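Colleague: Test case, fold it:
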Amino acid sequence: MKNWKDKLDIFLAGFEHATDIVGVLVCGSYITGQPTPHSDLDVHIVLDNKVNYRERGNKIIDGLLIEYFANPYKQIVSYFNDDLHDKSLMCQTQFATGKIIIDKVGDVQLLKEEATSMIANFYDASQTVPFMSELEKYFLWDMLDDMQDAYETQRPDYDFLYYTRLNMLLEKYFKCINLPYNTKSIYGSIVDANVRKKYLLGKLPDEGIGKLIVSAITATARCEKIDAYVKLTTAIFDCFGGFCVDGFKLKSDVEV
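Modeller: Numbering: from 1, shown residues only. Okay, here's the model as predicted:
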């Protein structure tokens, strides 16, 4: 039976733009560990920086789904900067934890070093004092009020609203504490050191909020969900100096 490397070789041999390839990096579970029957092989194909195209696609080789991303060096650097701006670091993590298969001119090693450096600098910067504006707090309060109303009126779409609002709450919290937010890794990053290692994530600065997040994610009964949501929102407010809707106001210049 062929292993993933043999299947990758078959894929690369038949790649339509093979002459433009200057490097290949493989990332994901086959490299970082614990692949499942549903895991695909993530492949970054670095193209000659002179090309003016990029390509993303999938190819099944002997039962293995290969998901590939073909980009010139300059485009990958642009993705790095976009992810940094969005506080995602997904692309950087893939390169930092990935395995170099081909590197004809040294571009893949440079990208790997750049990704590792950006992640380190990001976490250094995240040590600054977290901040949440009063407008952001009002936004979270408004979501909480909507959730309490949906629970008390027994809306049939309560569960849908709960998970969408919980996602928005967590995304806002993680951005305000300057940490990457990825729904695939949030639960695991709190309860499993192996997940933190796989995605190069640190622990949350507040262990209590981490426990509340786990409770909110794993709650099943509607009463458990609203209780977890209220406690989590309140704890997040407390992290940023509290919030009271009575007296909230925002004055700013007109835009026309």
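
Colleague: what's the burial count for D82?
Modeller: Using other Cβ atoms under 10 Å, D82 has 11 neighbouring residues. From N, CA and C alone the C-beta is placed, and that goes for glycine too.

Colleague: A helix includes it, no?
Modeller: Yes. Applying DSSP: H, G, I helix; E, B strand; the rest coil, one finds D82 inside a helix.

Colleague: for it, what are its contacts?
Modeller: By Cβ atoms under 8 Å, 6 or more residues apart in numbering, the contact list for D82 is empty.

Colleague: care to break this protein down by domain?
Modeller: 4-125, 134-239 (automatic domain parsing).

Colleague: Dump the ones you listed into a markdown table; add distance to K249 and mean pLDDT as well.
Modeller: Shown next, in a markdown table, are the domains of the chain (distance: least, Cβ to Cβ, whole Å; pLDDT from 0 to 100):
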| stretch | distance to K249 | mean pLDDT |
| --- | --- | --- |
| domain 4-125 | 29 | 95 |
| domain 134-239 | 9 | 95 |
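
Colleague: measure stretch 99-116 end to end?
Modeller: 13 Å (Cα to Cα, to the nearest Å).

Colleague: Which residues in stretch 109-126 does the neighbour count mark as buried?
Modeller: Neighbour counts over stretch 109-126 (16 or more other Cβ atoms under 10 Å) mark L110, L111, K112, E114, A115, T116, M118, I119, F122, Y123 as buried.

Colleague: of all these, which comes closest to S185?
Modeller: Nearest to S185 among the buried residues of stretch 109-126 is I119, at 14.0 Å by Cβ to Cβ.

Colleague: Tell me the spacing between that closest one and Y199.
Modeller: 10 Å (Cβ to Cβ, to the nearest Å).

Colleague: list the residues that contact both of those two?
Modeller: T93.

Colleague: that older thread, mind checking the domains of the chain for the one nearest to S252?
Modeller: Among those, the nearest to S252 by Cβ to Cβ is domain 134-239 (9.6 Å).

Colleague: how long is that closest one from one end to the other?
Modeller: End-to-end distance for domain 134-239: 13 Å, by Cα to Cα.

Colleague: Off-centre distance for that domain?
Modeller: Distance of domain 134-239 from its chain centroid, counting by Cα atoms, centre = their mean, to the nearest Å, is 15 Å.

Colleague: max-length strand in this structure?
Modeller: Using DSSP state E, we find that the single longest strand of the chain is strand 64-72.

Colleague: Strands of this structure, start to end?
Modeller: Going by DSSP E, the chain shows strands at 21-27, 41-47, 55-61, 64-72, 99-103.

Colleague: Quick check: buried residues in the third one?
Modeller: Burial within strand 55-61, assessed by neighbour count using 16+ other Cβ under 10 Å, is assigned to K59, I61.

Colleague: Measure how that strand sits relative to strand 64-72, angle-wise.
Modeller: 160 degrees (axes from the mean of the first three to the mean of the last three Cα atoms, to 10 degrees).

Colleague: which helices and strands does strand 55-61 pack with?
Modeller: Other helices and strands packing on strand 55-61, by 3 or more Cβ pairs under 8 Å, 6 or more residues apart in numbering; DSSP states H and E, are helix 4-13, strand 64-72.

Colleague: quick revisit: does anything pack onto the longest strand of the chain? Which helices or strands?
Modeller: So strand 64-72, by 3+ Cβ pairs under 8 Å, 6+ apart, packs with helix 4-13, strand 41-47, strand 55-61.

Colleague: Can you add distance to I21 and give the ones you listed back as TSV?
Modeller: Shown next, in TSV, are these (distance: least, Cβ to Cβ, whole Å):
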stretch	distance to I21
helix 4-13	7
strand 41-47	6
strand 55-61	11
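
Colleague: Can you say which of the helices and strands packed on strand 55-61 is packed in most?
Modeller: Comparing the helices and strands packed on strand 55-61 by mean neighbour count (mean count of other Cβ atoms under 10 Å), strand 64-72 ranks first with a mean of 19.

Colleague: Could you tell me the angle between that one and strand 41-47?
Modeller: Using the same axes, to 10 degrees, strand 64-72 lies at 20 degrees relative to strand 41-47.
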